[in-house]
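J.: need a 3D model of the sequence below.
(3 chains)
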Amino acid sequence: MKRLGRRFSLSALAITLALPGAAWAGDKVDVMADVVLASNNGTKVDPPALEEAKKAFAAKNVNFSSWQGLSQRRLSLEPKKTVEVPLPNGKKAQLTLESVTDDVARVKVTVAPTTTTFEVGRSGNLYVDGGQHQGGQLYVIISPALKPAGK
Amino acid sequence: MALNPACLSFIPMLSPFVDGELAPNERVTVERHLAVCRDCTGRVADLRAESAMIRHGLDLAADEVDFKDFATKVMARLTPYKPPLWERVQITLSEMFLYQRKVMFASLAGAAAVLAIAIPTLVIGKSTPDGYARPMMAVESVTTEAGAKVTPVVMTNEKGDAIILMVSTEQQVEPPAPAPQDKGDEGQKLDQTKVKGGEL
Amino acid sequence: MATDDLTLVKRVKTGDQRAFKLLVERYQRKIYAVALGMVKDKEEALDISQEAFVKVYKYLDHFKGDSSFYTWLYRITVNICIDALRKKQALRGEQVELDEAVKMDTAEANIGALGSRLGTNPQKSALRKELAEKIQQALETVPEKHRAILLLREVEGMSYEDLSRTLEIPKGTVMSRLFHARTKVQKILSEYLELDESKSGLGNE
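T.: Below is the predicted model:
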């Protein structure tokens, strides 16, 4: 029963050490930001995950036969701090975490001259027009980052 | 119907035969037997019919389901709203056991051991990421700078996706028909630059 | 297809939720079909299907990529189904089904009649409408583990090798369970179809 006592104290220790860390962990909100080039040059969809983008656009009668991923970043947004994602046509996407209220994050994304404010959710992608580039159209895709980074 | 004793050894082989899982030499042996045995040929036909019936029956049932929102519903279930720490411990414990399919510990010693494991796991690993209480993303507003030459077009769907297109509000100014085109490319470019001034 | 799955899995691990949605869409229908075959109830099968993907996502870190993704997905699905079935049995006070030591039943009804009556194209069969129901009824009489193998084989077309890996049983066991499950289902289907030799007079031709 000594072992039992030790186990209890171990777990108690674990709680007191770890609790402040996790339950009230950081005000950072993570999102994924992809820069992609949509065009009608060819039919390549790379990576295959962009099929979803192709379908979402096609459903709205905006048809691009080719979707090419250019970059993917995981952004950790902190309140009021702006993060920039450069686009190959010289523009940039600026993301700012405006607030987190009741565990709902409000984010602003600006691709000049348009600013979109949205609430982050566990599903649903935001496609922001990034302008023309190399005979196609750039889009910045903001999507949820649900898994912890790394591993 | 009398069972031909010669078939006895072949009957268990018919199932893997139909599945194409027999070694080449075994397959040949079965094929030779089928050539001379009407009963076993009938058995093979029965197996194939049964396979088809199962597949088709379930296909029909699957056809009745609209999977359009299935993936969205799965995503919405992925991370439930974060309950208080103690409740989360309970959820993780019961789920751990369900997944491992082991018997729940009744003894205190067992529970304490599990707790010691569960709490560090919880704390290190898998809590809901901050800010993700909403099941679906939602656009609140879209604005453009004053004097911008584009207008945003917003398209949404029921899956929580939103597309923000930027459509130019400016007319493509066509150079008046005869003269500028004769001037050649450079002349035209100059015109266009002036016109498009502060745009995109 | 297997490599494509692993590529998607890697992306999901880095937080790409769209990749996961693609995986869901790729397998949703078949997972549902298997779940339906196991538990018979449509609502429950739908719920179990969703749960399977949720579990896959949650425990993605446990998936090492040394086996194919889909055997892991199916294993989780089958386990959830078996647990659901056992819970129901426990509530009903029924005995949990053990692995039957099935002796080969040599008294078959009407060899070849099933095959000839339906052909391998069930669409042409007049029994098409009742087909799904009959199948479900027949499947219910098969022990759950045998049922799982049969469903994975027929719905997903899994090889014996993959079946062995998915259900973590030796290949020989796969073969014998499949054989016994099929024999049982065949008999029951024949009975439902009332292919009584004397009544229908169809014979083996």
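
J.: burial count for A:L70?
T.: Number of residues near A:L70 (other Cβ atoms under 10 Å in any protein chain shown) recorded here: 14. In this view, the C-beta of every residue, glycine as well, is placed from N, C-alpha and C.

J.: ok, and the closest non-adjacent residue to it?
T.: In space, and not counting its chain neighbours, A:L70 is closest to A:V35: 4.6 Å by Cβ to Cβ, 6 or more residues apart in numbering or on different chains.

J.: ditto for C:E168
T.: Distances taken as Cβ to Cβ, 6+ apart place C:R75 nearest to C:E168, at 7.6 Å, with adjacent residues excluded.

J.: OK, contacts around the one you found?
T.: C:T166, C:L167, C:E168 (Cβ atoms under 8 Å, 6 or more residues apart in numbering or on different chains).

J.: distance check, the first one against chain A.
T.: The reference is to C:T166. Taking Cβ to the nearest Cβ, to the nearest Å as the measure, C:T166 falls 24 Å from chain A.

J.: go on, the second one?
T.: Distance, C:L167 to chain A, by Cβ to the nearest Cβ: 28 Å.

J.: before we move on, back to that, mark which of the contacts of C:R75 are buried, thanks.
T.: Buried by 16 or more other Cβ atoms under 10 Å in any protein chain shown: C:T166, C:L167, out of these.

J.: mind putting the contacts of C:R75 into a markdown table with secondary structure, pLDDT and distance to B:T169?
T.: As requested, these are arranged in a markdown table below (DSSP: H, G, I helix; E, B strand; the rest coil; pLDDT from 0 to 100; distance: Cβ to Cβ, whole Å):
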| residue | secondary structure | pLDDT | distance to B:T169 |
| --- | --- | --- | --- |
| C:T166 | helix | 89 | 58 |
| C:L167 | helix | 90 | 62 |
| C:E168 | coil | 88 | 63 |
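
J.: nearest to B:A133 among the contacts of C:R75?
T.: Distances from B:A133 to those, taken as Cβ to Cβ, are shortest for C:T166 (36.1 Å).

J.: does the closest one touch C:S68 like I think?
T.: No - judged on Cβ atoms under 8 Å, C:T166 makes no contact with C:S68 at a distance of 9.2 Å.

J.: next, count neighbours for the residue of chain A found nearest chain B.
T.: With Cβ to the nearest Cβ, the shortest gap between chain A and chain B falls at A:G124, namely 2.4 Å. A:G124: 28 surrounding residues under other Cβ under 10 Å.

J.: helices along chain C, start to end?
T.: Taking DSSP state H, the helices of chain C run over residues C:2-13, C:17-39, C:42-58, C:69-92, C:113-118, C:128-140, C:144-151, C:160-167, C:171-192, C:197-200.

J.: which one of the ones you listed has the lowest average pLDDT?
T.: Among the helices of chain C, helix C:197-200 has the lowest mean pLDDT, at a mean of 36.

J.: before we move on, back to that, mind checking pLDDT for the residue nearest to A:L70?
T.: On pLDDT, A:V35 comes in at 94.

J.: right, and the helix or strand after whichever helix or strand it is part of?
T.: Assigned by DSSP states H and E, A:V35 belongs to strand A:29-39. Next helix or strand after strand A:29-39 toward the C-terminus (DSSP H and E): strand A:45-46.

J.: show me what that following strand is packed up against.
T.: Counting contacts by 3 or more Cβ pairs under 8 Å, 6 or more residues apart in numbering or on different chains; DSSP states H and E, strand A:45-46 packs against strand A:66-77.

J.: please name every helix or strand in contact with the strand it packs on.
T.: Using 3+ Cβ pairs under 8 Å, 6+ apart, strand A:66-77 is in contact with strand A:29-39, strand A:45-46, helix A:51-58, strand A:82-86, strand A:92-101.

J.: which residue ranges make up each domain of chain B?
T.: B:5-63, B:83-124 (automatic domain parsing).

J.: enumerate the residues of chain C near chain A.
T.: Taking Cβ under 8 Å from any Cβ of the partner chain as the contact definition, chain C meets chain A at C:4, C:7-8, C:11-19, C:21-22, C:60-61.

J.: can you name the two of those that sit furthest apart?
T.: With Cβ to Cβ as the measure, no two of the residues of chain C next to chain A lie farther apart than C:D4 and C:D61, at 20.5 Å.

J.: list the buried ones in the biggest helix by length in chain B?
T.: Assignment by DSSP H gives helix B:38-63 as the longest helix of chain B. Residues B:39-62 are the ones in helix B:38-63 that count as buried (16+ other Cβ under 10 Å).

J.: that one - contacts with which helices or strands?
T.: Judged by 3+ Cβ pairs under 8 Å, 6+ apart, helix B:38-63 is in contact with helix B:11-18, helix B:24-36, helix C:17-39, helix C:113-118, helix C:128-140, helix C:144-151, helix C:171-192.

J.: how about a cut-off of 10 Å?
T.: Helix B:38-63 sits against helix B:11-18, helix B:24-36, helix C:17-39, helix C:42-58, helix C:113-118, helix C:128-140, helix C:144-151, helix C:171-192, with contacts defined as 3 or more Cβ pairs under 10 Å, 6 or more residues apart in numbering or on different chains; DSSP states H and E.

J.: now the angle from the helix or strand following that helix to helix C:17-39?
T.: Next helix or strand after helix B:38-63 toward the C-terminus (DSSP H and E): helix B:70-78. Orientation of helix B:70-78 against helix C:17-39 (axes from the mean of the first three to the mean of the last three Cα atoms, to 10 degrees) gives an angle of 100 degrees.

J.: now helix B:70-78: average pLDDT?
T.: 86.

J.: any weak-confidence spans in the chain?
T.: Chain wasn't specified; assuming chain A. Scanning chain A with the threshold set as pLDDT under 70 gives A:1-27, A:148-151.

J.: that was the other one, I meant chain B.
T.: By pLDDT under 70, the low-scoring segments of chain B are B:1-2, B:79-128, B:170-200.

J.: for chain A, what is the nearest residue in it?
T.: Closest to chain A within chain B is B:G160: 2.4 Å, counting by Cβ to the nearest Cβ.

J.: contact residues of chain A facing chain C?
T.: Within chain A, the positions lying close to chain C (Cβ under 10 Å from any Cβ of the partner chain) are A:30-32, A:34, A:47-53, A:55, A:72, A:74, A:122-125, A:141, A:143-151.

J.: could you measure from C:H180 over to C:K145?
T.: According to Cβ to Cβ, to the nearest Å, C:H180 and C:K145 sit 11 Å apart.

J.: neighbour count winner among those two?
T.: Applying other Cβ under 10 Å to C:H180 and C:K145 shows that C:H180 carries more neighbours, namely 23 against 19.

J.: do you know how far the more buried one is from chain B?
T.: According to Cβ to the nearest Cβ, C:H180 stands 9 Å off from chain B.

J.: hmm, that residue is touching C:V174, no?
T.: No - taking contacts as Cβ atoms under 10 Å, C:H180 lies outside contact range of C:V174: 11.2 Å.

J.: what touches both of the two?
T.: Shared contacts of C:H180 and C:V174 (Cβ atoms under 10 Å, 6 or more residues apart in numbering or on different chains): C:I149.

J.: hmm, back to that, using CSV, lay out the helices of chain C together with distance to B:V74.
T.: Output for those, formatted as CSV (distance: least, Cβ to Cβ, whole Å):
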stretch, distance to B:V74
helix C:2-13, 13
helix C:17-39, 5
helix C:42-58, 5
helix C:69-92, 12
helix C:113-118, 36
helix C:128-140, 25
helix C:144-151, 21
helix C:160-167, 21
helix C:171-192, 30
helix C:197-200, 47
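
J.: picking that back up, how about the helices and strands packed on helix B:38-63 in TSV, adding distance to A:R106?
T.: Shown next, in TSV, are the helices and strands packed on helix B:38-63 (distance: least, Cβ to Cβ, whole Å):
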stretch	distance to A:R106
helix B:11-18	59
helix B:24-36	65
helix C:17-39	19
helix C:42-58	26
helix C:113-118	60
helix C:128-140	48
helix C:144-151	46
helix C:171-192	54
